[in-house]
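>>> kindly generate the corresponding structure for this input.
(chains A, B and C)
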Amino acid sequence: MQALHNLEISTRGQGLYEFTSTISEWVRHQKIQIGLLTVFCRHTSASLLIQENADPTVRQDIKAYFGRLAPENGPYQHNSEGSDDMPAHLRTALTQVHLSIPVANGSLVLGTWQGVYLFEHRVRPHRREVVLHTIGE
Amino acid sequence: MQALHNLEISTRGQGLYEFTSTISEWVRHQKIQIGLLTVFCRHTSASLLIQENADPTVRQDIKAYFGRLAPENGPYQHNSEGSDDMPAHLRTALTQVHLSIPVANGSLVLGTWQGVYLFEHRVRPHRREVVLHTIGE
Amino acid sequence: MQALHNLEISTRGQGLYEFTSTISEWVRHQKIQIGLLTVFCRHTSASLLIQENADPTVRQDIKAYFGRLAPENGPYQHNSEGSDDMPAHLRTALTQVHLSIPVANGSLVLGTWQGVYLFEHRVRPHRREVVLHTIGE
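Residues are numbered from 1 along each chain as shown, chains lettered A, B, ... in the order given. I've put the predicted structure just below:
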């Protein structure tokens, strides 16, 4: 049994946007007991991250860290869309655009402190498309 | 045909802990000829890595490199569990918590030099939970 | 329904080698409407990346950035195969060796600007083995 779903996530600037409950509920509705969820982000300047869902300072530190690691003022050739353009590609390359999470007893096997986030790397608001796919029974 | 399994990996400080043979044997016991293995780490301060399994200095260099790339003395807000806390989240974000490895002729298609490792980012001993999922026939 | 395929990608030095059309065509030939493609690279000194397929300066900037982030002149113990050896392992660890891409309406759900690349981290020419696996119907 398989299912596909297109999610749209609206972002308002750089940072981590949690959507754990959206995908958890969608998986529960598929009524599979055992299976695999794949989450796929259709962009090259926004990515996916599983990270701590408790203390919000973790997300702030992650955002600040990637800002230092792939800074806006690097020696980049590509800057057609502004100074946040190339760093957005680099921060996407350093994280990932796909996640695979097993399903057991009808639920995602996420750990207690794991949340699923869209990591927006552009400054302006964007609408990000994320595809969900399950296979299982 | 699907199967699920919960692994527990005990760690004694930061570094790479190989568990290739454990997952290879488990996959062989599933008696699938073609399929897909997903490995999922249920934590935000330990991650998964496929890396060279021959020269141990590669693992030491990887550990030292991530120690420099996401250092303990960074300008972090989050330090509720000590100075190794936030670097552990960052090193997890820079690697990954899920792996997908195809199965062919009943075995994982890992390359000759590829080993599968749990990358522990915390200083104290931990028990890490890793979920294995196969689908195939 | 499942399928497996071994790809060989010849590289001529460090950089990004696109193979989106090869995998897209192979997936179309499987005649599955809904499913999941897994791409797996059997190496520890070459990796996989989904990145922008439009402006070639993006790929040049990515290559240059990883050259700075994991430089050849680091304090490495492991250098048995030359000064590009250990940086190749680190750049592989910072990206990934597996990709999962859902299939919808018989095609990969890649975004308009997403291309799939082999990221070669060694200086000399190599033949890289990449395994493709689909499951779906």
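>>> so what's the residue count around A:H133?
For A:H133, the count of nearby residues is 24 (other CB atoms under 10 Å in any protein chain shown). In short, each C-beta sits where N, CA and C put it, glycine included.
>>> ok, now A:E8?
Using other CB under 10 Å, A:E8 has 8 other residues around it.
>>> then A:L118?
So A:L118, with other CB under 10 Å, has 23 neighbours.
>>> can you verify my assumption that it contacts A:R127?
No - judged on CB atoms under 8 Å, A:L118 makes no contact with A:R127 at a distance of 11.0 Å.
>>> now chain A against chain C: closest residue?
Here chain A gets closest to chain C at one residue, A:R42, 3.3 Å apart by CB to the nearest CB.
>>> what residues are up against the residue of chain A found nearest chain B?
Of all residues in chain A, A:G111 sits closest to chain B, at 3.3 Å by CB to the nearest CB. A:G111 sits next to B:R42, B:H43, B:T44, B:E129 when contact means CB atoms under 8 Å, 6 or more residues apart in numbering or on different chains.
>>> and what of A:A54?
Shown in contact with A:A54 (CB under 8 Å, 6+ apart): A:W113.
>>> make sure A:E25 is indeed in a helix.
Yes - assessed by DSSP: H, G, I helix; E, B strand; the rest coil, A:E25 belongs to a helix.
>>> now do the SS call for the residue most central in space within chain A.
Ranked by distance to the mean C-alpha position of chain A (CA atoms, centre = their mean), the top residue is A:L48 at 2.3 Å. Secondary structure assignment for A:L48 (three-state DSSP): strand.
>>> that one and A:I101 touch, don't they?
No - counting by CB under 8 Å, A:L48 stays clear of A:I101, with 10.7 Å between them.
>>> hey, what's in contact with both of these two?
With CB under 8 Å, 6+ apart as the test, A:L48 and A:I101 both reach A:V39, A:V116.
>>> what about the closest residue to A:V97 other than its chain neighbours, distance to B:R122?
Closest residue in space to A:V97, ignoring its immediate chain neighbours: A:C41 at 4.3 Å, by CB to CB, 6 or more residues apart in numbering or on different chains. Computed as CB to CB, to the nearest Å, the A:C41 to B:R122 distance reads 28 Å.
>>> what about these two, which has more around it?
Higher neighbour count among A:C41 and B:R122: A:C41, with 25 against 19, using other CB under 10 Å.
>>> can you list the residues of chain A near chain C?
Selection of chain A residues close to chain C by CB under 8 Å from any CB of the partner chain yields A:2, A:4, A:36, A:38, A:40, A:42-44, A:69-70, A:74-78, A:80, A:86, A:89-90, A:92-94, A:96-98, A:100, A:129, A:131, A:133, A:135.
>>> next one, pLDDT for the residue nearest to A:V97 please.
We have a pLDDT of 98 for A:C41.
>>> name the residues of chain A found near chain B, please.
With CB under 8 Å from any CB as the criterion, chain A meets chain B at residues A:34-36, A:49-52, A:55, A:57-58, A:60-62, A:64-65, A:69, A:94-96, A:99-102, A:104, A:109-111, A:113-114, A:135-137.
>>> what sits against the residue nearest to A:V97?
Neighbouring residues of A:C41 by CB under 8 Å, 6+ apart: A:S47, A:L48, A:V97, A:H98, A:L118, A:R128, A:E129, A:V130.
>>> so which strand or helix has the fifth one?
Assigned by DSSP states H and E, A:L118 falls within strand A:114-120.
>>> count of neighbours near the residue nearest to A:H126 when sequence neighbours are not counted?
Spatial nearest neighbour of A:H126, excluding adjacent residues (CB to CB, 6+ apart): A:T11 at 5.0 Å. A count of nearby residues for A:T11, using other CB under 10 Å, gives 19.
>>> strands of chain A, residue ranges please.
For chain A, applying DSSP state E gives strands covering A:2-11, A:15-18, A:35-41, A:46-52, A:98-104, A:107-108, A:114-120, A:126-136.
>>> bridged to the residue lying closest to A:E8 once chain neighbours are set aside, which residues?
Excluding its sequence neighbours, the residue lying closest to A:E8 (CB to CB, 6+ apart) is A:R127, at 5.6 Å. Following DSSP bridges, A:R127 is listed with bridge partners A:S10.
>>> go on, A:A3?
Taking DSSP bridges, one obtains A:T134 as the residues bridged to A:A3.
>>> low-confidence ranges, chain A, go.
Within chain A, no range satisfies pLDDT under 70.
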